[in-house]
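Asker: Turn this into a structure:
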Amino acid sequence: MGTFFLVVCGWCAGDAVCIRTQEHLEALRQTIALLEEIEQEITFRRADLNMLAKKLQREHKLFCSAKMIQTAIPPQSFSPQEAACFAECFSALGHTEAEQACSRLAFYQERFRSFCSSRKKPHRAAWCLPRNSGYFLDLRQPFSFFKAQNFVSNTGRKPGNGN
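Answerer: Now for the predicted structure:
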């Protein structure tokens, strides 16, 4: 019964890590898409930022109920470095000409793409490891049991016994 409990706990903990990782990657992707959309709105429509903020809120693309696009709050899953980059990007909007704003938005899109790719690499290698951690914790005992049984059947001696 205790073995089953360890497996279930390990599976649940690993599954939670995988879910948080996927949510974080999705928040990064949504940020990139949001920056691309803002860049397009500024480039092609010369959109007013206040009107754009209202439009993005209606479409549920802003991460908070900010009245102004410059006060958008980063997703909770962001690391401190990602959150600082997000705040730096959005707070600067509206303080420069359209061309400068678009080049800054392109710069921040690349920064968030690099955050996204750096998050993907370590998690690809260990994708199933967190979920299976319960199995790894639990399978240690049965293997040691089979190893001891195999030793006795092959040698006729008990492990640790000098005979």
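Asker: Residue 115 is in contact with residue 32, correct?
Answerer: No: Residue 32 is beyond contact range of residue 115, at 9.2 Å (criterion: CB atoms under 8 Å). C-beta: built from backbone N, CA, C; applies to glycine.
Asker: Show me the shaky parts of the protein.
Answerer: In the predicted model, the chain carries pLDDT under 70 at residues 1-17, 62-66, 121-163.
Asker: surely residue 77 meets residue 20?
Answerer: Yes: using CB under 8 Å, residue 77 is in contact with residue 20, at 6.9 Å.
Asker: Who has more neighbours out of residue 32 and residue 115?
Answerer: Taking other CB atoms under 10 Å, residue 32 and residue 115 do not tie; residue 115 has more neighbours (21 against 18).
Asker: And what about that one, helix, strand or coil?
Answerer: Put simply, residue 115 is helix when judged by DSSP: H, G, I helix; E, B strand; the rest coil.
Asker: mind listing what the nearest residue to residue 46 once chain neighbours are set aside touches?
Answerer: Spatial nearest neighbour of residue 46, excluding adjacent residues (CB to CB, 6 or more residues apart in numbering): residue 98 at 6.2 Å. Neighbouring residues of residue 98 by CB atoms under 8 Å, 6 or more residues apart in numbering: 42, 43, 46.
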